[in-house]
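Chemist: sequence first, then the predicted structure, then my questions.
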Amino acid sequence: MTITPARTQRKPDRAQRKSGIRGTTSFLFVQVARRHRKRAGELLGELGLHLGQEMILEALWTRGALSQSELAEHAGVRRATMTVALRPLEKAGLIERTCDPDDLRIMRVVATEKSLTLRPKVYAAWGKLNQEMISGLDPDERRTFERVLRKVRNSLRDHTT
């Protein structure tokens, strides 16, 4: 006995592929973002870091000791999310948390000397990722790409609550 589908699957024509979600700039952007995220995760994984941890360390490296609330605001996450995100960094000896001497309700976070040895490696990984991402662009296209990305970021910031 042969079972035949009720409808025969056929390859969509060009107009169908360009309609709906798949034909949007947002869809293309998501595809790029996913590949960028995957590659960043690979490069950071080689350093023993998970995606996002480098952003926390970068904030501490460049801004010094911050409260958990300040870190959460900087990363655009809830304070509870930041608390969870800091645990593995603390366990790995990359950060230390201490009570603020002026207000014991506030936890201050500081990068350790151990994390500072990772700093040039993290910067090198991000440099490599950046180079891979823009390798197919000429200098004029790179400048345009960065300018357009800033505009897109600002447009989205203007429309988020």
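Modeler: Great, that's in hand. Numbers count the residues shown, from 1 in each chain.
Chemist: quick one, what contacts the closest residue to Cys99 other than its chain neighbours?
Modeler: Closest residue to Cys99 apart from its sequence neighbours, by C-beta to C-beta, 6 or more residues apart in numbering: Met107 at 6.4 Å. Any C-beta I mention is one placed from the backbone N, CA and C, and that applies to glycine too. Applying C-beta atoms under 8 Å, 6 or more residues apart in numbering to Met107 gives the contacts 67-68, 97-100.
Chemist: got the residues you listed as CSV, with secondary structure columns?
Modeler: Shown next, in CSV, are the contacts of Met107 (DSSP: H, G, I helix; E, B strand; the rest coil):
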residue, secondary structure
Ser67, strand
Gln68, helix
Arg97, strand
Thr98, strand
Cys99, strand
Asp100, coil
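Chemist: looking at those residues, which is nearest Ala40?
Modeler: Comparing the contacts of Met107 against Ala40 with C-beta to C-beta places Gln68 closest, at 23.9 Å.
Chemist: need the contact list for the closest one.
Modeler: Contacts of Gln68 (C-beta under 8 Å, 6+ apart): 79, 82-83, 86, 97, 106-107, 109.
Chemist: list the contacts for the residue positioned nearest the centre of the chain?
Modeler: A centroid search over the chain (C-alpha atoms, centre = their mean) returns Gly52, at 5.7 Å, as the residue closest to the centre. Contacts for Gly52 (C-beta under 8 Å, 6+ apart) come out as 75, 85.
Chemist: how far away is it from Pro120?
Modeler: 19 Å (C-beta to C-beta, to the nearest Å).
Chemist: got it, and Ile56?
Modeler: From Ile56 to Pro120 the distance is 17 Å (C-beta to C-beta).
Chemist: no further queries at this time; thank you.
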